[in-house]
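Chemist: Attaching a predicted model along with its sequence, questions to come.
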Amino acid sequence: MKLRFEYQKKNKNRISVFSGDEYLFSISEVTFLRENFRNGMDINDPEELKKSCQKSEAYSYCLNIIGRKDYTKKELYDKLLRREIDKETANEIIAELVENELINEEYFEEIFVKSKQSYKKDGFNKIKQDLYKRGIRIDRDSYDFEAEGENLKILVGELLEKGIDSQKVVSRLARKGFRISDIIDKIRLYRDFDGEEEYYDE
């Protein structure tokens, strides 16, 4: 089977691949140049070539986005599926990225937790939930609960100084991922908590 390549009119960075007048699939200009494709080249299996090109372009896509931002395996996998990459190929790409040390989830977790604690002042439960959505189970043993306690003390003080009542402080900070019992303890450092503690059972 001989191939013919033609630049697309609506997207000059994409090239359509034909066998005679039959459209087969499209590739990027980068893939066309990298693979040294040419008109009249002969192939045996167009589906195998299509899959190979899709994998190459998907891998390049991953390299492009992880060069700007860190991602977890699950986040990249989901992005690949949304680009209509089949599950097998997506898993192969993720495995190659891990093997080439381009994905490091331990480092991702460390930076993510520090950012959430330092800038957002989120609590453990929210950080745990956010990481779980990204495919990571947080290691409690490595989590800085001392820093969390300091953050909670600051947040409780700020809210109480604004005149917000204790029950609303509990509700607001619980949504930020802090344990209700810890919030109540910090409130008691500032003033007597007169709410019903049983109302806030975890």
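Modeler: Happy to help now that I have it. Numbers count the residues shown, from 1 in each chain.
Chemist: Show me what the lowest-mean-pLDDT helix or strand in the chain packs onto, helices and strands only.
Modeler: Averaged element by element with mean pLDDT, DSSP states H and E, the chain has its least confident helix or strand at helix 29-34 (a mean of 88). Contacts defined by 3 or more CB pairs under 8 Å, 6 or more residues apart in numbering; DSSP states H and E place helix 29-34 against strand 14-19, helix 46-66. In short, each C-beta sits where N, CA and C put it, glycine included.
Chemist: okay if I get these as JSON lines plus mean pLDDT and distance to residue 5?
Modeler: Written out in JSON lines, the entries for the helices and strands packed on helix 29-34 read as follows (pLDDT from 0 to 100; distance: least, CB to CB, whole Å):
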{"stretch": "strand 14-19", "mean pLDDT": "92", "distance to residue 5": "5"}
{"stretch": "helix 46-66", "mean pLDDT": "91", "distance to residue 5": "12"}
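Chemist: Identify the spatial nearest neighbour of the residue nearest the centre of the chain, chain neighbours not counted.
Modeler: Taking CA atoms, centre = their mean as the criterion, residue 75 is the residue nearest the geometric centre of the chain, at 3.9 Å. Leaving out its chain neighbours, the residue that sits closest to residue 75 by CB to CB, 6 or more residues apart in numbering is residue 134, at 5.7 Å.
Chemist: just to revisit the earlier point, could you list the buried residues of the least confident helix or strand of the chain?
Modeler: In terms of neighbour count (16 or more other CB atoms under 10 Å), helix 29-34 has its buried residues at 31, 32.
Chemist: So which residues of the protein form helices?
Modeler: 29-34, 46-66, 73-82, 87-99, 105-115, 124-133, 145-161, 166-175, 180-190 (DSSP state H).
Chemist: Tell me which of those helices sits nearest to residue 16.
Modeler: With CB to CB as the measure, helix 29-34 is the member of the helices of the chain nearest residue 16 (10.5 Å).
Chemist: Can you list the neighbours in contact with that closest one?
Modeler: Counting by CB atoms under 8 Å, 6 or more residues apart in numbering, helix 29-34 makes contact with 5, 7, 12, 13, 14, 15, 37, 53, 56, 57, 60, all of which sit outside it.
Chemist: May I see the PyMOL selection of the buried members of those?
Modeler: The following PyMOL line selects those of the contacts of helix 29-34 that are buried, judged by 16+ other CB under 10 Å:
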select buried, resi 5+15+37+53+56+57
